[in-house]
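1. Show me how the following folds:
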Amino acid sequence: MVMPDGVGPFPLVIFNHGSDGIPEIQSLYNHDQHAGIYYFLSRGYAVASPMLRGYGGSGGQQSSHYGCRLDATARDNAKDILAVVDQLPKVPRIDTRRIIVAGASYGGWNALAVGGMRDSRVKAVVNFYGGVRTSMCEDGDAALNRGARIFGKTSRVPSLWLYGENDSLFPRPLWEAMHRAYIIGGGLAEIPLLGTFQKDAHGFLGASSSLDLFAAKLDAFLSRTGFSTETVYPEYIPQLPPPPSHYAAIEDVDAVPFLNSEQREGYRKFLKAPQPRAFFIVRTSGTLATDSGYDPLGRGYALCKQKKLACRLYAVNDDVVWTYPKPPPPATRFAAFEDATAIPYLDAKGRDAYDAYRRMPRPKAFVIAPNGVWRYASGDMDAVAAAMTSCATAHPACKPYAVDGHVVWPGTSATIPKDRFIPPTPARAATP
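-> Okay, the predicted model is just below:
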């Protein structure tokens, strides 16, 4: 049972879990990886997630003697689910008079069965990509259609069915046929089109970005059913990432600031990690990366806080979002970054220094002065300011020539002769 902070009483959602075929490791403590549960928490609902027989280390096992009677298996589960509901009035801070029954995959199938039990406390059913596959049934599609029709005959509560176009277990022709069978049986069901989601829509609740896929549809359904949809606890909604900064291309490993060669290998691994994903730079101790599941960005920030690390976000999914506290000068077309001969004022030693600068890690800046003085800084969050401060001790007219991997010097290479050099003005003798 999870519920928002507050005194309640909170309306109740029974959220039924799916199955990965390994029931003994199925855990109740996965609500922090679940967009559906966070959706209901943000709207002010308490959420109970009962475990099926044989799951999470519990006793018993799933019914296995029904073959293709997939509806009968779900009805056995529905009886257990309602037995759990019978115990919940003893829990303070929740209201069990009007219950929403929801579920994902196998849990969505079981939720439909609960809706068909005609329990007066159940007022709505939300079916997230519901269904079941078993090796004991050779024609699973026909069994699902038949079961959906049976559920529809006994259900009288409104239901919302949420399937993606690219569901690998239950493709669109199948869930459309199941929906038709449910309606023909007499059930009440809405099935809005969600479109595709990432590479496989089955299991989309495991990604925080799926809220954009289903939240508005679910809000509208619950409102029509008489339930509240106001976001009263926004802290349960995933934090939105900052917009792309265009600091560098996501695949540009050398552009990531502060990292040594070993840490850059860590960034390469991040680029191969599944989305959603987030990459943080820890200024004093390297990097931190999170991926997959619900809200990796939020999990990353939580880890940084827990470990008391000074983290700054570099990338989210395929977008670089890194920015400096003070925006550096914009890039210009004065010359190619690699062309040390294009730099005005410098002698051979200065051009050698620029070649060394190009190999330094970001953040970095190279500044020059009309008298040939040059300075560079690397590894400072405001490298431009650090280089300018150092250069100003030798000449007051220092200006940035390059920042990180681009030239910022104004004008064109024809503006100032490459060999122009203005020596320092000799100090004048004091007038007697």
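2. Where do the strands of the stretch 301-432 of the chain begin and end?
-> 311-316, 319-320, 364-368, 374-378, 399-403, 406-407 (DSSP state E, counting those that start in this stretch).
3. Against residue 313, how distant is the closest residue to residue 411 other than its chain neighbours?
-> Leaving aside its sequence neighbours, residue 411 sits nearest to residue 334 (C-beta to C-beta, 6 or more residues apart in numbering; 6.1 Å). In this view, the C-beta of every residue, glycine as well, is placed from N, C-alpha and C. Here residue 334 is placed at a distance of 31 Å from residue 313 (C-beta to C-beta, to the nearest Å).
4. who's more crowded, these two?
-> residue 334 (23 against 20; other C-beta atoms under 10 Å).
5. State the distance from the more buried one to residue 406.
-> Residue 334 is 10 Å from residue 406, where distance means C-beta to C-beta.
6. follow-up on the earlier one: check the strands of the stretch 301-432 of the chain for me and report the most buried one.
-> strand 364-368 (a mean of 27; mean count of other C-beta atoms under 10 Å).
7. what's that one in contact with?
-> 328, 343-346, 350, 354, 357, 374-379, 383-384, 386-388, 391, 398-404 (C-beta atoms under 8 Å, 6 or more residues apart in numbering).
8. The same query, at a cut-off of 7 Å, please.
-> 343, 345-346, 354, 357, 374-378, 383-384, 387-388, 391, 398-404 (C-beta atoms under 7 Å, 6 or more residues apart in numbering).
9. can you check stretch 288-302 too?
-> Residues contacting stretch 288-302 (C-beta under 7 Å, 6+ apart): 32-35, 38, 206-208, 238-239, 241, 266, 270, 273-274, 276-280, 282, 303-304, 309, 311, 316.
10. distance between it and the chain's centre?
-> 7 Å (C-alpha atoms, centre = their mean, to the nearest Å).
11. That one: which residues count as buried?
-> Within stretch 288-302, the residues scored as buried using 16 or more other C-beta atoms under 10 Å are 288-291, 293-301.
12. Same check on stretch 345-363?
-> By neighbour count with 16+ other C-beta under 10 Å, stretch 345-363 contains the buried residues 345, 346, 350, 351, 353, 354, 357, 360, 361, 362, 363.
13. Output that stretch as PDB, nothing but the C-alphas.
-> Backbone C-alpha positions of stretch 345-363 (Å, rounded to 0.1, in the frame of the first residue of the first chain) are rendered in PDB as follows:
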ATOM      1  CA  TYR A 345      49.400  38.300 -32.500                       C
ATOM      2  CA  LEU A 346      51.100  34.900 -31.600                       C
ATOM      3  CA  ASP A 347      54.600  33.900 -32.200                       C
ATOM      4  CA  ALA A 348      55.700  30.300 -32.700                       C
ATOM      5  CA  LYS A 349      55.800  29.700 -29.000                       C
ATOM      6  CA  GLY A 350      52.200  30.900 -28.700                       C
ATOM      7  CA  ARG A 351      51.100  28.700 -31.500                       C
ATOM      8  CA  ASP A 352      52.700  25.700 -29.800                       C
ATOM      9  CA  ALA A 353      50.700  26.600 -26.700                       C
ATOM     10  CA  TYR A 354      47.500  26.700 -28.700                       C
ATOM     11  CA  ASP A 355      48.200  23.200 -30.000                       C
ATOM     12  CA  ALA A 356      48.600  22.100 -26.400                       C
ATOM     13  CA  TYR A 357      45.400  23.800 -25.500                       C
ATOM     14  CA  ARG A 358      43.500  21.900 -28.100                       C
ATOM     15  CA  ARG A 359      44.300  18.600 -26.400                       C
ATOM     16  CA  MET A 360      43.200  19.800 -23.000                       C
ATOM     17  CA  PRO A 361      39.800  18.600 -21.500                       C
ATOM     18  CA  ARG A 362      36.800  20.900 -21.400                       C
ATOM     19  CA  PRO A 363      35.900  23.400 -20.000                       C
END
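14. what about the helices in the stretch 1-150 of the chain?
-> Assignment of helices within the stretch 1-150 of the chain using DSSP state H, counting those that start in this stretch yields the ranges 35-42, 70-87, 106-115, 140-154.
15. Make JSON lines from those helices and add mean neighbour count, mean pLDDT and distance to residue 4 to it.
-> Formatted as JSON lines, those follow (neighbours: other C-beta atoms under 10 Å; pLDDT from 0 to 100; distance: least, C-beta to C-beta, whole Å):
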{"stretch": "helix 35-42", "mean neighbour count": "25", "mean pLDDT": "94", "distance to residue 4": "5"}
{"stretch": "helix 70-87", "mean neighbour count": "19", "mean pLDDT": "93", "distance to residue 4": "20"}
{"stretch": "helix 106-115", "mean neighbour count": "28", "mean pLDDT": "97", "distance to residue 4": "22"}
{"stretch": "helix 140-154", "mean neighbour count": "21", "mean pLDDT": "97", "distance to residue 4": "31"}
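16. so which of those helices comes closest to residue 256?
-> helix 35-42 (29.4 Å; C-beta to C-beta).
17. got the angle for the closest one vs helix 106-115?
-> 60 degrees (axes from the mean of the first three to the mean of the last three C-alpha atoms, to 10 degrees).
18. helices or strands next to helix 35-42 in the packing?
-> strand 10-16, strand 46-48, helix 211-224 (3 or more C-beta pairs under 7 Å, 6 or more residues apart in numbering; DSSP states H and E).
19. Quick one: residues in contact with the second one.
-> So that's strand 46-48. Contacts for strand 46-48 (C-beta under 7 Å, 6+ apart): 1-3, 10, 12-15, 37, 40-41, 84, 88, 93-94.
20. give the contact list for residue 277.
-> Contacts of residue 277 (C-beta under 7 Å, 6+ apart): 270, 289, 290, 291, 296, 317.
21. Name the nearest residue to residue 18, sequence neighbours excluded.
-> residue 105 (3.4 Å).
22. thought that neighbour was touching residue 133?
-> No. The pair residue 105 / residue 133 is not scored as a contact, 9.4 Å apart, by C-beta atoms under 7 Å.
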